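# With the input below, show me the fold.
(4 chains)
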2 protein chains.
Amino acid sequence: MGVDPKKRLQNRLVVLRAEKGWTQKDVAEKIGVSRQTIISLEKNKYTPTLVLAFELANLFGKDINEVFQYTRTEGEE
Amino acid sequence: MGVDPKKRLQNRLVVLRAEKGWTQKDVAEKIGVSRQTIISLEKNKYTPTLVLAFELANLFGKDINEVFQYTRTEGEE
DNA sequence: ACAAAAAGTAAAAATGACTTTACTTTTTGT
DNA sequence: ACAAAAAGTAAAGTCATTTTTACTTTTTGT
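Below is the predicted model of the structure:
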C-alpha cells in the first residue's frame, strides 16, 4: 500500500517517554509488548497495529494524533 | 497483547461507507487494498495497521477517533 | 574509573495482517 | 421473477509486525 509508510508515519515516542522519565523496558512492560517492539517503533522500523498505537497513546495520556503523525503523499487516492 | 483486541476495537466503517454511498470495492480501490481487507475490517476480523487506519480516516474525511474506537479493559496496564 | 542500567543491533522464529482466487448468498433494479 | 451487482465465506499464500534470544555499545551514578 503506497510508498514506504515509514517515511510518511512519524511518532513522538522518544520525546513522550523522556517526559515521563521512563525506560524502554518500562514502556514495554506497561503495555505488555517486548522491548524490541518499543525500540523498533522509536526508530521507526515499522508501522504498529492500531491497537498498539492506541495503547501507547493511552499510556502517555495523549490522543493518538499527538503521538503519531501521518503525512499523506501527493498524487495518491 | 492483552485479551482479544477485536472486542476492544470497534469501527464505524460500514456506516461511513453507507453515508458516502460507496461499495466495498470502491473503498478498496480508493485506498489501494484488496476487497477482502475491507470486508474483514468491517466485520472486525482483525486489527488494521496504523497506516491503513489513517488512510481510511482520510478517505472518509474523519479523524481517526471518529472511525475507530478503542475501549480499554479494566485490570490492565 | 568502575559497575550497573539502559539503549542498540541482529537474526531466527512465530504470529498476524493482507492478498489472491474462487465460489456462494444477498441485495438491488427493472 | 430475473439478471447483475454487491456482499460474504473460505482457504492458501505472502509479507510485515512482534517475539525471543543473545550479544555489544552507550549512558548513568558513585
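# Show me which residues of chain A are close to DNA strand D?
If contact is defined as Cβ under 7 Å from any atom of the strand, the residues of chain A in contact with DNA strand D are A:5, A:32-37, A:40-41, A:45-49, A:52. Just so you know, the C-beta spots here come from the backbone N, C-alpha and C atoms, and that holds for glycine as well.
# Farthest pair within these?
The widest separation within the residues of chain A next to DNA strand D, taken as Cβ to Cβ, falls between A:Pro5 and A:Gly32 and amounts to 24.1 Å.
# Neighbour count: the two, which is higher?
Set side by side, A:Pro5 and A:Gly32 show more neighbours around A:Pro5, with 18 against 13, by other Cβ atoms under 10 Å in any protein chain shown.
# host element of A:Ala28?
Taking DSSP states H and E as the criterion, the element that holds A:Ala28 is helix A:24-31.
# Quick one: neighbours of the closest residue to DNA strand C within chain A, just the number.
For chain A, the residue closest to DNA strand C is A:Thr23, as judged by Cβ to the nearest atom of the strand, at 3.2 Å. A:Thr23 sits with 12 neighbouring residues when counted by other Cβ under 10 Å.
# Excluding residues flanking it in the chain, which one is nearest it?
A:Arg17 (8.0 Å; Cβ to Cβ, 6 or more residues apart in numbering or on different chains).
# mind listing what that neighbour touches?
For A:Arg17, the contact set (Cβ atoms under 8 Å, 6 or more residues apart in numbering or on different chains) comprises A:23-24, A:27, A:42, A:60.
# where exactly do the helices run in chain A?
Along chain A, counting by DSSP state H, helices occupy A:5-8, A:13-20, A:24-31, A:35-42, A:50-60, A:64-67.
# Would you mind finding the most buried of those?
Across these, averaging neighbours per residue (mean count of other Cβ atoms under 10 Å in any protein chain shown) puts helix A:50-60 on top, at a mean of 22.
# Would you reformat the helices of chain A as TSV and include mean pLDDT and distance to B:Asn65?
Supplementary listing: these in TSV, determined by pLDDT from 0 to 100; distance: least, Cβ to Cβ, whole Å:
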stretch	mean pLDDT	distance to B:Asn65
helix A:5-8	72	19
helix A:13-20	97	18
helix A:24-31	97	19
helix A:35-42	97	20
helix A:50-60	98	9
helix A:64-67	98	7
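# Need those in a markdown table (columns: distance to B:Leu56).
As requested, the helices of chain A are arranged in a markdown table below (distance: least, Cβ to Cβ, whole Å):
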| stretch | distance to B:Leu56 |
| --- | --- |
| helix A:5-8 | 14 |
| helix A:13-20 | 23 |
| helix A:24-31 | 24 |
| helix A:35-42 | 21 |
| helix A:50-60 | 10 |
| helix A:64-67 | 14 |
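# Many thanks, have a good one.
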